[in-house]
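Chemist: Provided below for reference: sequence and predicted model.
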Amino acid sequence: MKRAIVMGGSYAGLFAARVLSDHFEDVVVMEPDLIGDDGLGRRTPQRHQLHALLAMGHTQLERWFPGITDELVKGGALLGEGDDVQFYLDGRLKAPVAQARMLGATRPFLESHLRRRVAAVENVRFCQAQVTGLVLRGDRVAGVTTAAPETEGGERFDAEFVVDAMGRNSPLEDWLVDHGWDAAPVDRMRIDLGYATAMFHRGDELGGTVIAHSSPGPASDYQPTLTEPGALAAVEGDRWSVVLAGYADHRPGPDREEFLRRMRRCVDPIRTVADASEMIGEVKTYRFVESRRRVHSRLNRFPGGLVVVGDALASVNPVYGQGLTLSALAANALGAYLRSTPSPRDPAWAYFRLVEAVVEGAWQLSTAADLAQPHVTGPYPRGYRVQKWVADRLTEASVRDSAVNAQYMGVVNMQLPPKALTSPRFLARAARVLLSS
Ligand SMILES: Cc1cc2nc3c(=O)[nH]c(=O)nc-3n(C[C@H](O)[C@H](O)[C@H](O)COP(=O)(O)OP(=O)(O)OC[C@H]3O[C@@H](n4cnc5c(N)ncnc54)[C@H](O)[C@@H]3O)c2cc1C
């Protein structure tokens, strides 16, 4: 196939471009933001926040960009293994998972490496342009229009295939409606989450720790009464990235002293960094009002040659760190779809079915956990109370037992589907753990 256009050149767009390069002669990534050496840009403010890459996201990163972990580590990122990766629940360190492996790097650093690798792919090119609309021919996409008149073909760019990677506030739905198509139905859950991230100088105050993550659990009814929720990651440039999170009235603000006070109410490693390390620069905040996903398979018609990836498809509570991994898995689904040699004239239903199955797992996990917050008012799934009772017991067992925790973390890391937590063997092991103490 001749040309594909990716609208949006951030994490999901870069992954999509890499996958498309195996199937199209010419792949054009259209991105209006000029991303400088700091890798931050202007339009994606969440890049300032701590980003953790789940194990499945890391596997996909290496799959599509072999050797990138070594490059990142050479550049100063850290690879935490075993005890270097610590998860706390209600202030208690969870049972160790020998196979735990997590990368410590900032989002701009990770994404800059990805961008460099994609830019080195021969048939991929970047175009600094804001896409302003779709060009449709009959029932299929034939290209896009852009705001930059100097782009090839004036303001119009022809393509057989177009990918929406324009993030959470993608205007695609409005464009489709303007052309007489229906907008995809949207599932939402209002969570009213606040995030704040600050950087600190890193010495040897925490030995080999690369990731420490703390969240409230069943013992505190998921409220920040025993410890504050937060995390730290050892990142490039000999720094710690520290994030604090809170819901509704407990959202963290930008005040440096308040940030430090709150760190001192966190688990040990975060407290130690507050006391031993110097903060660099400002505290950056971010407000995340709702999780949402667009479900295209509920539509009766959709233009051929058009797909949606990344946050434009689904954007869930960042506390569970699923966004980058979902972006990579959407690219995977796109690869599987294109390998089946579909006609770009037809709607990509097979792609949407594949990707929505992945999103469903992430959505179930994050929304079920969010419903434990008193200010979150639903929608509740059928049997929610029983589900929560069981989930609380499993969570408790995962604190005490490494085998239970390994499977539990496999689900959290998106390596296993949520149903792995209902297998009879797993439930029997968790029951034995709970009854034995
Ligand atoms: C506070 C916070 C913390 C997070 N923490 C984590 C974490 O720990 N782990 C994790 O995996 N995920 C995390 N996420 C989620 C992660 O940031 C997103 O999933 C990820 O950014 C999605 O990438 P994307 O490319 O789909 O969208 P974005 O990164 O939002 O990029 C969209 C791109 O589209 C471009 N664009 C917009 N309009 C146009 C247009 N008209 N034409 C062309 N281009 C356009 C923008 O300039 C931008 O570059 C977090 C999110 C938030 C908000």
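Modeler: The structure has been received and is ready for your questions. Note that this is a predicted model, so its numbers are computed, not measured. Numbering: from 1, shown residues only.
Chemist: low-confidence ranges in the stretch 101-250 of the chain?
Modeler: 148-154 (pLDDT under 70).
Chemist: what about the helices in it?
Modeler: Ranges of helices within the stretch 101-250 of the chain are 107-119, 172-178, based on DSSP state H, counting those that start in this stretch.
Chemist: Give me the contacts around the shortest one.
Modeler: This points to helix 172-178. 7, 133, 134, 164, 166, 182, 183, 184, 294, 303, 308, 312 (Cβ atoms under 8 Å, 6 or more residues apart in numbering). For glycine as for every other residue, the C-beta is placed from the backbone atoms N, C-alpha and C.
Chemist: Give the bridge partners for the third one, please.
Modeler: Put plainly, it is residue 134. On the basis of DSSP bridges, residue 134 is bridged to residue 144.
Chemist: In this structure it contacts residue 156, no?
Modeler: No - using Cβ atoms under 8 Å, residue 134 is not in contact with residue 156, being 10.7 Å away.
Chemist: So those two - more neighbours on which side?
Modeler: residue 134 (22 against 14; other Cβ atoms under 10 Å).
Chemist: Overlap of the contact sets of residue 134 and residue 156?
Modeler: Joint contacts of residue 134 and residue 156 (Cβ under 8 Å, 6+ apart) are 143, 144, 145.
Chemist: tell me the contacts of the first one?
Modeler: Remark: with contacts taken as Cβ under 8 Å, 6+ apart, residue 143 is in contact with 5, 134, 135, 156, 157, 158, 159, 162.
Chemist: what does the stretch 1-150 of the chain put close to the ligand?
Modeler: 7-13, 30-33, 43-44, 46, 49, 51-52, 130-131 (Cβ under 6 Å from any ligand atom).
Chemist: Out of the residues you listed, which sit inside strands?
Modeler: 7, 30, 131 (DSSP state E).
Chemist: Bridging across strands, which residues link to the second one?
Modeler: When bridges are assigned using DSSP bridges, the partners listed for residue 30 are residue 7, residue 127.
Chemist: how far away is the residue of the stretch 51-200 of the chain found nearest the ligand from residue 267?
Modeler: Closest approach between the stretch 51-200 of the chain and the ligand, counting by Cβ to the nearest ligand atom: residue 167, at 2.9 Å. Distance from residue 167 to residue 267, counting by Cβ to Cβ, to the nearest Å: 32 Å.
Chemist: And these two? Which one has more around it.
Modeler: Legend: neighbour count by other Cβ under 10 Å for residue 167 and residue 267, higher for residue 267 (27 against 19).
Chemist: Regarding the more buried one, what are the backbone dihedral angles?
Modeler: Per-residue torsions, residue 267: phi -70, psi 170 (degrees, to the nearest 10).
Chemist: For the residue nearest to residue 199 when sequence neighbours are not counted, which three-state class applies?
Modeler: Closest residue to residue 199 apart from its sequence neighbours, by Cβ to Cβ, 6 or more residues apart in numbering: residue 280 at 4.5 Å. Classification of residue 280 by DSSP: H, G, I helix; E, B strand; the rest coil places it in strand.
Chemist: what residues are up against residue 280?
Modeler: Contacts of residue 280 by Cβ under 8 Å, 6+ apart are 198, 199, 200, 201, 239.
Chemist: out of the residues you listed, who's nearest residue 255?
Modeler: residue 198 (10.7 Å; Cβ to Cβ).
Chemist: and the gap between that closest one and residue 252?
Modeler: Taking Cβ to Cβ, one finds residue 198 at 10 Å from residue 252.
Chemist: circling back to that earlier point, check the contacts of residue 280 and tell me the two furthest apart.
Modeler: Farthest pair in the contacts of residue 280 (Cβ to Cβ) is 198 and 201. Separation: 11.4 Å.
Chemist: Comparing these two, which residue is more hemmed in?
Modeler: Each of residue 198 and residue 201 has its neighbours counted (other Cβ under 10 Å); residue 198 has more, 25 against 15.
Chemist: residues near the closest residue to that one other than its chain neighbours, how many?
Modeler: Distance criterion Cβ to Cβ, 6+ apart; nearest residue to residue 198, sequence neighbours excluded, is residue 283 at 4.6 Å. Other residues within reach of residue 283, judged by other Cβ under 10 Å, total 21.
Chemist: Residue 283 and residue 194, how far apart?
Modeler: 12 Å.
Chemist: Next, show the common contact partners of these two.
Modeler: With Cβ under 8 Å, 6+ apart, residue 283 and residue 194 have common neighbours 252, 253.
Chemist: burial count for residue 248?
Modeler: So residue 248, with other Cβ under 10 Å, has 13 neighbours.
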